[in-house]
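In: Return a 3D structure for these sequence lines:
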Amino acid sequence: MDTIKRVQDLMQARDMNLCVLAKKCGISYSTIQTTARRGGQLSVETIERICLGLGITLKDFFDSSYL
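Out: Numbering: from 1, shown residues only. Below you'll find the predicted structure:
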């Protein structure tokens, strides 16, 4: 799974930008932006923090039908 794409899809569904998400999650803006630029994947720890910020579970994150 492309974790960056998933985060982008979830943000779009919530009409949220990366800056807002980063603040809600307590993650630096550059962590997600740099990972996206390099074509990498987010760590499980970062995904967990994003899930908290979005108010979803890890199961929801990895369930491609959930938005």
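In: Residue 32 contacts residue 4, correct?
Out: Yes. Contact criterion Cβ atoms under 8 Å: residue 32 and residue 4 qualify, at 7.3 Å. The way it works is simple: take the backbone N, C-alpha and C, and place the C-beta from them, glycine included.
In: Tell me who's in contact with residue 49.
Out: Applying Cβ atoms under 8 Å, 6 or more residues apart in numbering, we find residue 49 in contact with 25-27.
In: Between those, identify the one with the most neighbours.
Out: Highest neighbour count within the contacts of residue 49: residue 25, with 20 neighbours (other Cβ atoms under 10 Å).
In: So what's the predicted local confidence for the closest residue in space to it that isn't next to it in sequence?
Out: When the adjacent residues along the chain are set aside, residue 25 lies closest to residue 53, with 3.4 Å between them (Cβ to Cβ, 6 or more residues apart in numbering). Residue 53 is assigned a pLDDT of 91 by the prediction.
In: so residue 36 touches residue 4, yeah?
Out: Yes. Counting by Cβ under 8 Å, residue 36 touches residue 4, with 4.6 Å between them.
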